[in-house]
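Student: pasting the sequence and the predicted model now:
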Amino acid sequence: MSFIIERLKKVESIDQIFICTSYDASDDIFTDIAEDHGVKIYRGSPKKVTERMLAVADLTGAESLIRVTGDNIFASTEYLDQQVRALKADKLDYIRMVNVPLGATAEVIRTKALKHCHENMDPEISEYLMLFIFNPEIYKCGVMSFSNELDYSNYTLTVDVDSDLTRTKHILKSYDGDPLNINLSEIMKMIVDLNLENCIYQPSGDIKLPYGEVVPFSEFKEDMNLRISKATRYTINEI
């Protein structure tokens, strides 16, 4: 969490940073983390993620929010300013990066759209918010990808299990510069050069969905590609 916060501090378009967590005693540690890093904290429902986010929007009057989940250590903060500019310029409801590894994108969401989504879904499963708000049939969605058209979506950088944490530590330990400045291009090069394990989703792998449903990664990717095809496309000229 500390690593994510310090990376987010480098993003010019961010006005305030909140740790949105639950009021469960197990999350008390985040109060200390917030104080140590000079950011704010909001504690609310353990399961209703959207409720917490909207509470922060009410507190700050924010017209849009950036969501970075705690398991996405390497969310590409270097592209967040571009995502925010696109959302504002074209009055989007939602924008994310695509064709990047799982865990490599932050989400920028218009507060009005988030409120609508919250009111029309079960907030108890809003941990899976992306599946509901990245819906070009309902919301004006944008997707940002690289001009070279390389597809890294079968890779993963998210941290769910011990082996993911080991991979993350290996990447940071092997990086020559300031770890806070590591970017997606450098991470992908390291994965290839170091032949890192546990970085690729196999087509036979599974993705967990709401209510305990599990689908093959290939089916999940097909669904994501359909959503991408219906969203407004933006290009980043580097990786």
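Tutor: Perfect, I can see it now.

Student: count the residues that sit near residue 103.
Tutor: 20 (other Cβ atoms under 10 Å). All C-beta spots, glycine's among them, are computed from the backbone N, C-alpha and C.

Student: the lowest-mean-pLDDT helix or strand in the chain: how far from the chain's middle?
Tutor: Within the chain, no helix or strand scores below strand 206-208, which has a mean of 82 by mean pLDDT, DSSP states H and E. Mean C-alpha position of strand 206-208 versus that of the full chain (Cα atoms, centre = their mean, to the nearest Å) differs by 17 Å.

Student: what does it contact?
Tutor: For strand 206-208, contacts defined as Cβ atoms under 8 Å, 6 or more residues apart in numbering pick out 214-217, 219-220.

Student: buried subset of these, written for ChimeraX?
Tutor: Restricted to buried positions by 16 or more other Cβ atoms under 10 Å, the ChimeraX selection for these reads:
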select :217,220
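
Student: the contacts of strand 206-208 in helices, which ones?
Tutor: Using DSSP state H, 217, 219-220 are the members of the contacts of strand 206-208 that sit in helices.

Student: what pLDDT, on average, does stretch 155-170 get?
Tutor: The average pLDDT within stretch 155-170 is 92.

Student: circling back to that earlier point, out of the ones in helices among the contacts of strand 206-208, who's nearest residue 59?
Tutor: Each of those was checked against residue 59 using Cβ to Cβ; the closest is residue 220, at 34.4 Å.

Student: what distance do you get for the nearest residue to the closest one once chain neighbours are set aside to residue 147?
Tutor: Closest residue in space to residue 220, ignoring its immediate chain neighbours: residue 207 at 4.2 Å, by Cβ to Cβ, 6 or more residues apart in numbering. Using Cβ to Cβ, to the nearest Å, one obtains 28 Å as the distance from residue 207 to residue 147.

Student: so if I had to pick from these two, which one is more boxed in?
Tutor: Per other Cβ under 10 Å, whichever of residue 207 and residue 147 has more neighbours is residue 207, with 17 against 10.

Student: who's the more buried one bridged to?
Tutor: Beta bridges link residue 207 to residue 215 when assigned by DSSP bridges.

Student: how about residue 96?
Tutor: Beta-bridge partners of residue 96, counted by DSSP bridges, are residue 143.

Student: run a quick neighbour tally on it.
Tutor: Using other Cβ under 10 Å: residue 96 sits among 22 other residues.

Student: quick one: it from residue 211, how far?
Tutor: Residue 96 is 23 Å from residue 211, where distance means Cβ to Cβ.

Student: please apply the same query to residue 233.
Tutor: 32 Å.
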